[in-house]
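Chemist: this is a predicted model, with the sequence first.
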Amino acid sequence: MEVLLFGIAKDITGKSSLDLSALKEKPNSVSELMHFMNSSYPELSKLSSLAVAVNGEYATIDVPLQSNDEIAIIPPVSGG
Amino acid sequence: MEVLLFGIAKDITGKSSLDLSALKEKPNSVSELMHFMNSSYPELSKLSSLAVAVNGEYATIDVPLQSNDEIAIIPPVSGG
Amino acid sequence: MQKPIIEIVDKIDTAVVYDELSDAASGGICVFVGTVRDFTNKEAVVSLEFESYKTMALSEMRKIADQASSKWPLNKVVIRHAVGLKKVQEAVVVVGVSAAHRTECFEACKFLIDTLKETVPIWKKEVFKNKTVWVSAHP
Amino acid sequence: MQKPIIEIVDKIDTAVVYDELSDAASGGICVFVGTVRDFTNKEAVVSLEFESYKTMALSEMRKIADQASSKWPLNKVVIRHAVGLKKVQEAVVVVGVSAAHRTECFEACKFLIDTLKETVPIWKKEVFKNKTVWVSAHP
């Protein structure tokens, strides 16, 4: 289970992706992933917003996560 | 006293300018010019609108006309 | 606003307008290009012919640039109209602005083209297969 | 709408976008170009750095083009964003549409850039002389 990191989330974690495969309790939903990320990296909870994308689509907190999903942490976007 | 004609006003009169110098009673104001034009060329009065410019500026009907003014008949504009 | 570019030309080069509007103090550039459409009221258009009262048209275009600049904080303005015969798909007018923020770019650019169509002494004749029509001439 | 042009590129060529949007059925083309501004809150900007989640960004850009096309009768749409290091005055994004009439051109073009800024996963870091800031990251 790999989580892609972008922008300031990459700076906060110091990584462009996180491998969660080795975790004893892998997050089963977006909600659980958010909880894990915020407690592992408290600086993330200070951002204006934090979204999760699953397989390239914005995902609500109840979306379940499978180990082969492409998961990404989406800090506040600022394109344009 | 020369009057420039554009667009459909040129087609209606068949001329790109009218020399009014030879007129016995030259128009002394925009209002008198409009009256002269509409009675000489009744097709002009069927247009959506008709404006007069004096020295390159839109002129209200009370503006007086001098013989050395640059006068133009402005049929409905349709640029763009 | 820097000195606006105000021109009546025979042919519009759409590739240069960004360079003309580009500006270090601007975060946005908005450009509108009017082009010849193939159909008017379902009737095939062969071409358009534009005629201008050139000195007055330039002076009215300058007024529009000044008005826009007094309404919005603009950095650069271009207003350029073509005259003569224009075929389908050709550019007939280009208006554009650069400014710090995008909202004023859009508002000012729309104001330029809307006002140009109302006040600038330029006339357009639509050439169809069997007739010609001076646009907006009759009610 | 014809197939929209949706791209993430290293460098934007502003000279080509009109040709891409040009279309016989269109009377108007509206284009917005976002450029790097020299100052943010009175602080001199050295450069901007853009990063994207490319596959998702392209998919979100396609959605925006489709949404615009369902709201307005558009003929062509271009949405192109640059990534990497951009200096002051460089273009970072270009969005544009062609349509029969100008009102829908302006409305749709503004919708494209407004929505892009809200939903497309692209991030901008402002580089100042003595610090860098991820734009909008913090409240």
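Modeler: Received it, and whenever you're ready, just let me know what you need.

Chemist: the closest residue to residue C:18 other than its chain neighbours: how many residues sit nearby?
Modeler: Distances taken as CB to CB, 6 or more residues apart in numbering or on different chains put residue D:14 closest to residue C:18, at 4.0 Å, once the chain neighbours are dropped. Yep, even glycine has a C-beta here, placed from its N, CA and C like the rest. The tally of other residues near residue D:14 (other CB atoms under 10 Å in any protein chain shown) stands at 21.

Chemist: again, but for residue C:10
Modeler: 9.

Chemist: again with residue C:1
Modeler: Summarising burial for residue C:1: neighbours were counted as other CB under 10 Å, giving 18.

Chemist: follow-up on the earlier one: measure the residue nearest to residue C:18 to residue B:8 for me?
Modeler: Counting by CB to CB, to the nearest Å, the gap between residue D:14 and residue B:8 amounts to 39 Å.

Chemist: before we move on, back to that, give the contact list for the residue nearest to residue C:18.
Modeler: C:18-19, D:33, D:91, D:94 (CB atoms under 8 Å, 6 or more residues apart in numbering or on different chains).

Chemist: how about a cut-off of 6 Å?
Modeler: When contacts are counted by CB atoms under 6 Å, 6 or more residues apart in numbering or on different chains, residue D:14 touches C:18, D:33, D:91.

Chemist: export those residues to a markdown table and append columns for neighbour count, distance to residue C:29 and pLDDT.
Modeler: What follows is the contacts of residue D:14, written out as a markdown table (neighbours: other CB atoms under 10 Å in any protein chain shown; distance: CB to CB, whole Å; pLDDT from 0 to 100):
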| residue | neighbour count | distance to residue C:29 | pLDDT |
| --- | --- | --- | --- |
| C:18 | 24 | 6 | 96 |
| D:33 | 28 | 4 | 98 |
| D:91 | 21 | 8 | 98 |
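
Chemist: among these, which ones are in helices?
Modeler: Members of the contacts of residue D:14 lying in helices (criterion: DSSP state H): residue C:18.

Chemist: list just the nearest of the contacts of residue D:14 to chain B.
Modeler: Distances from chain B to the contacts of residue D:14, taken as CB to the nearest CB, are shortest for residue C:18 (20.5 Å).

Chemist: run a quick neighbour tally on the nearest residue to residue A:56 once chain neighbours are set aside.
Modeler: Distances taken as CB to CB, 6+ apart put residue D:56 closest to residue A:56, at 4.3 Å, once the chain neighbours are dropped. Under the neighbour criterion other CB under 10 Å, residue D:56 is assigned a count of 23.

Chemist: also residue C:139?
Modeler: Counted with other CB under 10 Å, residues neighbouring residue C:139 total 8.

Chemist: that one: what secondary structure?
Modeler: Of the three states, residue C:139 takes coil under DSSP: H, G, I helix; E, B strand; the rest coil.

Chemist: hmm, it is touching residue B:49, no?
Modeler: No. Counting by CB atoms under 6 Å, residue C:139 stays clear of residue B:49, with 9.0 Å between them.

Chemist: all strands of chain C, in order?
Modeler: With DSSP state E, the ranges of strands along chain C come out as C:5-9, C:28-35, C:39-40, C:43-52, C:74-82, C:84-87, C:91-99, C:122-128, C:132-134.

Chemist: one more: chain A?
Modeler: In order along the chain, chain A carries the following strands (DSSP E): A:2-5, A:17-19, A:51-54, A:57-59, A:71-74.

Chemist: in a markdown table, list the ones you listed along with distance to residue C:68, mean pLDDT and mean neighbour count.
Modeler: Supplementary listing: the strands of chain A in a markdown table, determined by distance: least, CB to CB, whole Å; pLDDT from 0 to 100; neighbours: other CB atoms under 10 Å in any protein chain shown:
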| stretch | distance to residue C:68 | mean pLDDT | mean neighbour count |
| --- | --- | --- | --- |
| strand A:2-5 | 44 | 96 | 20 |
| strand A:17-19 | 49 | 96 | 15 |
| strand A:51-54 | 39 | 98 | 21 |
| strand A:57-59 | 38 | 98 | 17 |
| strand A:71-74 | 38 | 98 | 24 |
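
Chemist: what's near enough to touch residue C:85?
Modeler: Taking CB under 6 Å, 6+ apart, one finds C:47, C:49 in contact with residue C:85.

Chemist: how near is it to residue C:10?
Modeler: Counting by CB to CB, the separation of residue C:85 from residue C:10 is 10 Å.

Chemist: check contacts around the residue of chain A found nearest chain B.
Modeler: With CB to the nearest CB as the measure, residue A:80 is the residue of chain A nearest to chain B, at 28.5 Å. Going by CB under 6 Å, 6+ apart, residue A:80 touches D:34, D:93, D:113, D:116-117.

Chemist: stretch C:121-139 close to chain D?
Modeler: No. Contact between stretch C:121-139 and chain D, assessed by CB under 6 Å from any CB of the partner chain, is absent, since the two come no nearer than 11.5 Å.

Chemist: oh sorry, the question was meant for stretch C:5-12
Modeler: No. Using CB under 6 Å from any CB, stretch C:5-12 stays clear of chain D, coming no nearer than 9.7 Å.

Chemist: quick one: is that stretch near chain B?
Modeler: No. Where contact is defined by CB under 6 Å from any CB, no part of stretch C:5-12 touches chain B; the two come within 9.8 Å at best.

Chemist: send me that stretch as CSV with only the CA atoms.
Modeler: As requested, C-alpha coordinates have been extracted for stretch C:5-12 and formatted as CSV (Å, rounded to 0.1, in the frame of the first residue of the first chain):
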residue,chain,number,x,y,z
ILE,C,5,-1.8,49.8,-28.5
ILE,C,6,-4.7,51.0,-30.7
GLU,C,7,-4.6,50.1,-34.4
ILE,C,8,-6.7,49.6,-37.5
VAL,C,9,-4.9,47.2,-39.8
ASP,C,10,-5.5,45.2,-42.9
LYS,C,11,-4.6,41.8,-41.3
ILE,C,12,-4.5,40.7,-37.7
